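>>> just to be clear, the model below is a prediction. Sequence and coordinates:
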Amino acid sequence: MSAQFHPKEDLVVSASMDQTVRVWDISGLRKGSPHQGGPGGMAGTSGPGSNHFETFDNFSTVKYVLEGHDRGVNFAMFHPTLPLIISAGDDRVIKIWRMSETKAWEVDSCRGHFNNVSSALFHPKHELIVSCGEDKTIRVWDLAKRTAIQTFRRDHDRFWYLAAHPNLNLFAAGHDSGLIVFKLERERPAFTVHQDTLYYVRDKYIRSYDFSSGSDIGLLSVRKFGSPYLPPRTISFNPAERSVILTISSDNGLYELSALPQSAQGEVKDSSADGKKGSGNSAIFVARNRFAALNKTTQLIEVRDLSNSTVKTIKPPVQTNEIFYGGTACLILSSTSSVVLYDIQQQKTIAELNSPPVKYVVWSNDGSLVALMSKHTITIANKTFSQHTLIHETIRIKSGAWDDSGVFLYSTLNHVKYCLAQGDHGVICTLDNPVYLTRVKGKTVHCLDRSARPRTITFDPTEYRFKLALLRNNYEEMLYIIRTSNLLGQSIIAYLQKKGFPEIALHFVQDTNTRFELAIECGNLDVAMETAREIDRPDCWERLAQQALKQGNHKVVEKAYQQTKNFDKLSFLYLATGSTEKLSKMQKIADARGDPMSRFHNALYAGDVAGRIAVLREVGLHPLAYLTAKGNGLDELAAEILEAAGLTEADIDDVPTFGASTLRPPPVVTSTENYNWPILSQGENYFDRALANGSLEGGVEPAYVNGDANAAASSALDAWARDEEIQDEIDPEEGGWELDADADEFKEDEAAEEVVEEEQELGAGAAPGVDETELWVRNSPLAADHVAAGSFESAMQLLNRQFGISNFAPLKPLFLSIYRSSHVYLSPVASLPPLKLHVRRNIEESAPSKVLPVAARSIQSVRSELAEGYRSVSSNKLTEAQATFRSVLQALLLVVIASDDEAKQWRDTVTSAREYLLGVSIELERRRVVEQEPDNLRRNLELAAYFTHCQLQPPQLQIALRSAIGAFAKANNQAHAARFAKRLLELNPDPKIAAQARQRIAAGDRNPRNTVEISYDEFTSFDICAATYTPIYKGSPSVHCPYTDAAYLPECQGKLDPLMELTEIGAPAAGLPAAW
């Protein structure tokens, strides 16, 4: 019926229906036989049709014949280590046999099956026997006592065979319907952690393991507690009394309270000597001298003292299966569908969470977070259960422990994973065998394996520490992790994008398409524009246009529409921004494309009546052309159209008469052609600054071409070399402000308000309040706030006193724009005048002494306009750049400064704009000299040299130096050209430019002479007079502009500053008021 090899010796045990068990000696198989012919040295005949199984008797002998069964024997096997044999037969008896070198005999029998016993085996690790039979049961027997200790029944299937796993604690049993795989005992060791010590149970001994030193010692024996084959289920440690509570699931739940020895030296005592036992399925310490025990049968929680006397009995509010420590004087009650945080002193429920049955509870080191572990879920909650996160796993969760940083690590059957408090989780490492985590310290996980032996696992916590730093906005740690590890990959980039941090992922992505997607998501139009140029696909330009339109950056929208040739949207964009000149260009483009409809639309947007009539005539719509001319008062053109059509006025008498047409685009009140919508700047955080290689200093970045400063300088000089025509500057607007008329209207309104207020005083006796705009004037020393309040006179007084402004005509558009931006008009009813509302910048303030108007311009928006000026210089649009820098200096007069940092930025911006305005003005003057005075070579060279001494950014300074090198080399002033080339090399230009500079230096060394003598001494420090464009050497008398601090010769004292056309040169000024 069965046959089994001995695990070590050359023996085979067989069971037969002849009611015997036989032990066979097969050592002859090793010795061989003279009739070898079969494989492996098997003896026998080698003729045709020979059967090797018939020759078993040739190399084996019967060593023992065991008789004792009354009926046939179904199964027999050896013990894995002891000289024992077990057999099972149809007589419903399991027999144990012992053998020696000379004989074998029956030791004992196990009786209890009530039908044939199909199979039986020894437990590989414990003194147990497992058997199964046709009575539909699996029975576990004590090998020493020969008594049944456990029975498993299957109602409808007979069991036929048992097998034990060679390595794992698993058994398999075959039955009528299939097979089952099962365990006999719990493999998770009972353990608890206190500070740096792990207390756990192994082989029925309580042991302590020191995490620091690695010492592992036995403290107390618990062999007599419960069943010898069932280890304790849980352990709870009381550090105050140095005692433990063990629980076991046998006998409907038992617990034992025992004191641990103070010293581990000497003999290990047994807990039965002074241990106190009781009935309870769960038992834990809740105070230094109290513990709680749950009885599931009675559904009572008993609070006991250390003498095991009942102090209090509590009826839990829900059907409770387990209890866990929940904080001081609190318990966590686990039911089938929820977890309850229960106060045992006040006997009330504090909080409740819906959750699957909780098996284990792990508190964080500081007690602020708790992990509630179920079979397949983990719930992360705070100590009051008010916030929680649920993580689901498909594989059973084994254990967990908290990291010092507040990350929960847990183990499954084959992985160690992490979980952040916000719910993000991932895999740390893979396991060969399941482990139970006890503590996490740094890069080391301390754990117990299934044999309850301490182990350590080294892992890499970089991934979860990066995510944790990201969620906590700890950019310093993020940057350190990125620089010291190979963390970044597609998964981390996708995580950053998913969690709403695309601007951080953008710093590390190299793929162009991914960079474009991230730039669009985080609204970084600069990067999006750069990557769109590289990709150059219509769909990318369309997405860029949509994102830029959302941000009000119509310049980027214009570029995107130009790339996609979306002429209709481009025309409408020019209409919305008031770009009438560009609309006229769009008409020419439409004409070149042969699109009369687009041409007509652009003429309509631009208010070009003649253009509309021309289109209508060209397409043959003469009636519409005539009506358009007639309706706009162009009678001569209308008559010409009639004559071309061969008609007269008499022929169209039936045409009705109508008045002049009013179909015109609205007039541009505030031009937005050169300005994008103002957006709030979030500023640079630590992460952004650190990624810029530690560049923490403020300042506007130079205008680069495709991100390359050298390419910007090179392309700009190429543009300059073409000698494009310089457009004439538009004179600043002149004329009065008509402030007297506004004042008269204000007085009339004020008088009317006084009459109403007097009537109200007579009726109600209420005192009138202070007008909002008057509060603005009182509360602020800044001219911008006075302008917003409509107090132009006081604003001009402040500007005169602070910056010496004497000519206010150029500032009129700024005054009106700021005033309009500070008020909103609401028309609730058409028959009533609109309500005037005042817009505040500090809406949270309600005290009258602190209310202020909205800031129309910020220092950031002005600095972005300054960057536009840089780009204009690089693009050789000097007239446009001159206007831009003047506009920047004018806007800075009416910027609200709220901090010392902004004040520093303000001063830096004024200095930069002044230097660029001076340099551009010098270059424009040089070009005028070249065109109008070609014989004045000396002045040409002097201006080229002075331009290089303006404080410019490196890209524009390279342009100035290369321009001077060309001018001086052309005039054969080789010595000067060589010195300019040396200065150029100091700026580290690109290799091509550097090679040209070295050639110029070599030419200067060969011929160190200057043909044209000029008034220029580069070795003496000097300023440049902004009026005469001549040097003012150090120590020479000079006067300065009270606003920009531009230098002038003394004879310019009292004149209007030609650079800004705002201030009186040399006038006294108080300067920028302190930040307040």
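All right, it came through fine.

>>> got a list of what the residue nearest the centre of the chain touches?
What sits nearest the mean C-alpha location of the chain, by CA atoms, centre = their mean, is Phe501, with 3.2 Å. Applying CB atoms under 8 Å, 6 or more residues apart in numbering to Phe501 gives the contacts Leu470. In this view, the C-beta of every residue, glycine as well, is placed from N, C-alpha and C.

>>> what of Met529?
With CB under 8 Å, 6+ apart as the criterion, the residues that contact Met529 are 544, 556, 559.

>>> now intersect those residues with the strands, please.
Mapping the contacts of Met529 onto strands (DSSP state E) picks out no residues; all lie outside.

>>> who wins on neighbours among those?
Ranked by neighbour count (other CB atoms under 10 Å), the contacts of Met529 have Leu544 at the top, with 27 neighbours.

>>> how much space separates that one from Ser16?
Computed with CB to CB, to the nearest Å, the distance linking Leu544 and Ser16 is 88 Å.

>>> and Phe947, how far is that from Ala978?
18 Å.

>>> lowest average confidence, helix or strand, in the protein?
Comparing helices and strands within the chain by mean pLDDT, DSSP states H and E singles out helix 739-764 as the least confident, with a mean of 41.

>>> show the average pLDDT along the helix or strand just after that helix.
Tracing the chain C-terminally past helix 739-764 and defining elements by DSSP states H and E, one meets helix 772-779 next. On average, the pLDDT along helix 772-779 is 83.

>>> domain ranges for this structure, per the record?
When the chain is parsed into structural domains using automatic domain parsing, the resulting residue ranges are 2-45+52-182, 359-459, 739-747+769-856, 888-1052.

>>> list the buried residues of stretch 157-174.
Of the residues in stretch 157-174, those scored as buried under the neighbour-count criterion (16 or more other CB atoms under 10 Å) are 158-162, 164, 169, 171, 173-174.

>>> nearest to Thr234 among those?
The shortest approach to Thr234 among the buried residues of stretch 157-174 belongs to Asn169, at 19.6 Å (CB to CB).

>>> how near is that closest one to Glu187?
When CB to CB is the yardstick, Asn169 and Glu187 sit 6 Å from each other.

>>> can you list residues touching both of these two?
By the contact definition CB under 8 Å, 6+ apart, Asn169 and Glu187 are jointly contacted by Arg450.

>>> show me the strands in the stretch 501-650 of the chain, by range?
Counting by DSSP state E, counting those that start in this stretch, no segments of the stretch 501-650 of the chain form strands.

>>> output the below-cut-off pLDDT ranges for it.
Counting by pLDDT under 70, the ranges of the stretch 501-650 of the chain that qualify are 503, 505-508, 650.

>>> do the same with the stretch 301-450 of the chain
By pLDDT under 70, the stretch 301-450 of the chain has no low-scoring segment.

>>> re earlier: which of the buried residues of stretch 157-174 sit farthest apart?
Comparing all pairs in the buried residues of stretch 157-174 by CB to CB, the longest separation belongs to Arg158 and Asn169, at 25.2 Å.

>>> to Ile323, which of the domains of the chain lies closest?
Smallest distance to Ile323 across the domains of the chain (CB to CB): 9.5 Å, for domain 359-459.
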